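>>> Below is the sequence, then the predicted model.
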Amino acid sequence: MSQKELREKAIADALAREEEEYAKIKAMRELNNQTSELITSLNKIPSNLINSRLQKLQQDLQNLPEYKVKELDEELEEFMFSHMKLPYGEVYNRPWSGISNEESSSISSNKDEVIQQRLVSTTSSSYSTQFPNLKPTPDYRGYSEQELFLRQLAHSRHSGSLGSKLSNVYRPQDDIKNPTKLKDVSIATLMAAGCHLGHSKSNWRPTTQPFIYGEYDGIHLIDLNETAAALKRASNVIKGVSKKGGIILYVGTSKNVFQNRALEEAAIRSNGYYVTKRWIPGTITNYTEVTKQIQGTQKIEVDMENKPTGRNLGVEQGQLVKPDLVVILNPVENRNCINECILSRVPTIGLCDTDMEPSLLTYPIPCNDDSVRSVTFMTGILSKSAEEGLLERLEEVNKYNQSKVKGSIQKRELKHSRRSS
């Protein structure tokens, strides 16, 4: 036979098998419908009629000879054994299975040979019992999505623990809740966060030349040594401001959800404030008019432990409270904020990409400000430094209060000793 005839014969056999499968499915569906109809009709029969019918059947069964009842039981058992083909592992130790020890030993000895001869497909009875909703596919077709998922589970169960286990891996999802400390920052971590990627040559500002390491594929690469030095300087600044009780404001007007979450966590960590939506022009320079629009003139005075003092501010209620430090994550889009900080003499820390003018920022950090990973990485490091300053301030205040209490106790003891003498 030619190749064409063989191919046509194979296609015809496949179509025949498919039609046979469809016929089986149709017959099974009709059987299910008939069974459901019979059950429905049986449910509609009154219970007294069913009981009378059962009593009559029991009487007829008792009137039959015992040998006929025994023959009927044997025929039913034979029918069940011939039509219920359960796996050997589920029936070999059952008393009603009828498998002797010799047969079980022969079956177990031939088990390895059977496994070597054929592969168990996903259409076997064991899979059908474990997964009753599984729809097996014919042998001439590929695996379905359900069967592929089962095969993947089996593969991961048998060989999923093989291979090497990676350690000391950078996980960017941890930068929001558990940021990196300044002492753990290295060139490798900065590069893993993508801080070295700048903008294209067409957007380059010549004033960023000291921060550029080189050029690759039409974009500038930032020198990470300069980034590490600037990051260390900015971290020390924000730590000092937080230690002295200063107000820290984080500004990042990107629409990315992860950056907004990083800003919120940074503000909570350092007990500061953040702006994520839009910088309203005049928030610092035109404070009176802006606060009338947003209705946010309420102020509360706190001490160095961030506890409210309860003092009535009076005239000071309407005065401007400037932030002591502003951290800007995307300074190119927030030029109004930078101008207001310059006019109000508020120091700024900003991520300076190759398209940003670094002279406008007090403490520029050469870094990629377009990547969410690099922005969250830098925000976490700065907020962690601010948190360290906050903890040091609270510790010093606690020591001062303890020494104050000890001094008052010593004064009382001294007065008491003088009176007694």
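Done, it's in.

>>> count of residues packed around the nearest residue to residue 218 once chain neighbours are set aside?
Leaving aside its sequence neighbours, residue 218 sits nearest to residue 200 (C-beta to C-beta, 6 or more residues apart in numbering; 5.6 Å). Every residue, glycine included, has its C-beta placed from N, CA and C. Per other C-beta atoms under 10 Å, the neighbour tally for residue 200 reads 13.

>>> For residue 200, name its beta-bridge partners.
residue 219 (DSSP bridges).

>>> quick one: contacts for it?
218, 219, 220 (C-beta atoms under 8 Å, 6 or more residues apart in numbering).

>>> Show me the one in those that has more neighbours than the rest.
residue 220 (24 neighbours).

>>> could you measure the residue nearest to residue 218 against residue 370, distance?
12 Å (C-beta to C-beta, to the nearest Å).

>>> repeat for residue 182
23 Å.

>>> again, but for residue 211
16 Å.

>>> Give me the more crowded residue out of the two.
More neighbours surround residue 211 than the other of residue 211 and residue 370, with 23 against 16 (other C-beta under 10 Å).

>>> I'd say the more buried one and residue 366 touch.
Yes: the criterion here is C-beta atoms under 8 Å, and residue 211 meets it with residue 366 at 3.8 Å.

>>> What count of nearby residues applies to residue 13?
11.

>>> Shouldn't it be within a strand?
No: judged by DSSP: H, G, I helix; E, B strand; the rest coil, residue 13 forms no part of a strand; its state is helix.

>>> and it, what pLDDT?
If you check residue 13, the pLDDT there is 82.

>>> ok, and the closest non-adjacent residue to residue 246?
Residue 246 sits nearest to residue 324 (C-beta to C-beta, 6+ apart), 3.2 Å away.

>>> and the one you found, how many neighbours?
When neighbours are counted by other C-beta under 10 Å, residue 324 comes out with 17.

>>> cool, and residue 72?
Residue 72, neighbours per other C-beta under 10 Å, totals 12.

>>> any idea how far residue 55 is from it?
19 Å.

>>> just residue 381 next, same as before
Residue 381 is 85 Å from residue 55, where distance means C-beta to C-beta.

>>> When these two are compared, which one has more neighbours?
residue 381 (27 against 10).

>>> need the contact list for the more buried one.
179, 180, 181, 182, 185, 231, 235.

>>> could I get the residues you listed as CSV with secondary structure and neighbour count?
Listed next are the contacts of residue 381 as CSV, based on DSSP: H, G, I helix; E, B strand; the rest coil; neighbours: other C-beta atoms under 10 Å:
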residue, secondary structure, neighbour count
179, coil, 23
180, coil, 18
181, coil, 13
182, helix, 17
185, coil, 19
231, helix, 25
235, helix, 26
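
>>> out of those, which one sits closest to residue 334?
Set against residue 334, the nearest of the contacts of residue 381 by C-beta to C-beta is residue 231 (19.9 Å).

>>> That closest one against residue 378, yeah?
Yes: with contact defined as C-beta under 8 Å, residue 231 reaches residue 378; the gap is 7.1 Å.

>>> So which residues of the stretch 251-400 of the chain form helices?
257-270, 287-294, 335-343, 372-420 (DSSP state H, counting those that start in this stretch).
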